[in-house]
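Colleague: next come a sequence and a model predicted from it.
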Amino acid sequence: MSDSVQRPTLQVIIASTRPGRVGLPVGIWVAEKARQHGGFAVEIADLAEIALPLFDEPEHPRLGRYTHEHSRRWSERIARSDAFVFVFPEYNHGYPATLKNAIDFLAKEWAFKPVSLVSYGGASGGIRAAAGLLPVLTVLKLLPIAGSLPIANVSSLVSDGVFTGTERHAATLRRILDEIARVTPIAAQLRS
Ligand SMILES: Cc1cc2nc3c(=O)[nH]c(=O)nc-3n(C[C@H](O)[C@H](O)[C@H](O)COP(=O)(O)O)c2cc1C
């Protein structure tokens with residue numbers, strides 16, 4: 001719990017690191033909606049900016065014995081977070097390697113924290129990528145929130161570098177944020 005009115009910290013993790021990515025505008029839209037929701041202190045974790053290398057720690061992350069500054073910084077950010085929205089594209093019917101890499105760097109930092117998935121792509125809206133990610137989340141004891149937001153034909157909704165979701169997208173995201181807000185205090189008790 002981090003801001004002055006003790007709202008839980010919601011980390012919007014932008015997974016695509018590709019130059020020209022639509023992930024950045026989609027992530028900014030998600031973060032803006034989360035700020036408007038009012039229930040969270042919202043941060044954006046942009047994996048392009050964070051620039052983790054491919055996983056390079058000698059020991060299993062569950063031991064928490066990180067040898068690199070980039071791992072310690074990433075660990076600190078995720079440890080102080082209370083909930084997550086992962087914003088990610090579908091690549092070749094899967095989720096992007098950048099997201100798996102960022103997840104694998106850590107272990108206990110993820111446990112008993114709600115997560116929701118905003119996937120995007122072509123006609124499928126990234127649903128195969130989201131389905132593929134679920135087993136990874138559960139083994140780390142992340143708490144996937146029922147309901148996710150698949151955004152189909154995403155590029156048609158981005159203009160001049162700005163993503164504008166439809167009213168249906170916004171309504172689904174509001175429901176998801178309400179669910180995260182309900183579960184987050186209970187999850188915090190599980191961790192205490
Ligand atoms: C390597 C690669 C693979 C892709 N595979 C899929 C796919 O399986 N399903 C889909 O709906 N879109 C696919 N796409 C289209 C992406 O969803 C689309 O390019 C999207 O903008 C990528 O997100 P980004 O711009 O944030 O990186 C693929 C794009 C790339 C670059």
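Modeller: Received it, and whenever you're ready, just let me know what you need.
Colleague: what residues does stretch 154-172 touch?
Modeller: 22, 24-26, 28-29, 33, 89, 120-122, 125, 147, 149, 151, 173 (CB atoms under 8 Å, 6 or more residues apart in numbering). (Each C-beta comes from the backbone N, C-alpha and C, glycine too.)
Colleague: can I have the buried ones of the residues you listed as a ChimeraX selection?
Modeller: In ChimeraX, a selection of the buried entries from the contacts of stretch 154-172 looks like this (16 or more other CB atoms under 10 Å):
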select :22,24,25,26,28,29,33,89,120,121,125,149,151,173
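Colleague: pLDDT-wise, what's the bottom of the contacts of stretch 154-172?
Modeller: Scanning the contacts of stretch 154-172 for pLDDT, the smallest score is found at residue 147, 82.
Colleague: helix or strand for it, which one?
Modeller: Residue 147 belongs to no helix or strand when assigned by DSSP states H and E.
Colleague: any idea how far residue 38 is from the residue nearest to it when sequence neighbours are not counted?
Modeller: Leaving aside its chain neighbours, residue 147 sits nearest to residue 176 (5.3 Å; criterion: CB to CB, 6 or more residues apart in numbering). According to CB to CB, to the nearest Å, residue 176 stands 15 Å off from residue 38.
Colleague: what do you get for residue 166?
Modeller: Residue 166 is 22 Å from residue 38, by CB to CB.
Colleague: kindly report the residues of this structure close to the ligand.
Modeller: Residues of the chain lying near the ligand by CB under 6 Å from any ligand atom: 16, 18, 21-23, 89-93, 121-122, 124, 154-155.
Colleague: which of those residues count as buried?
Modeller: For these, buried by 16+ other CB under 10 Å: 16, 21-23, 89-91, 121, 124, 154.
Colleague: where along this protein do the helices fall?
Modeller: 23-37, 47-50, 69-79, 97-104, 127-139, 167-191 (DSSP state H).
Colleague: please name the residues that touch the nearest residue to residue 40 once chain neighbours are set aside.
Modeller: In this structure, residue 40 finds its nearest non-sequential neighbour in residue 10, 3.8 Å apart by CB to CB, 6+ apart. By CB under 8 Å, 6+ apart, the contact set of residue 10 is 34, 40-43, 81-85, 180.
Colleague: possible to save those as CSV with neighbour count?
Modeller: Below are those laid out as CSV (neighbours: other CB atoms under 10 Å):
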residue, neighbour count
34, 26
40, 24
41, 19
42, 23
43, 16
81, 20
82, 22
83, 26
84, 24
85, 29
180, 27
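Colleague: let me see the contact set for the residue of the chain found nearest the ligand.
Modeller: With CB to the nearest ligand atom, the shortest gap between the chain and the ligand falls at residue 121, namely 2.6 Å. With contacts defined as CB under 8 Å, 6+ apart, the neighbours of residue 121 are 89-90, 129, 150-152, 154.
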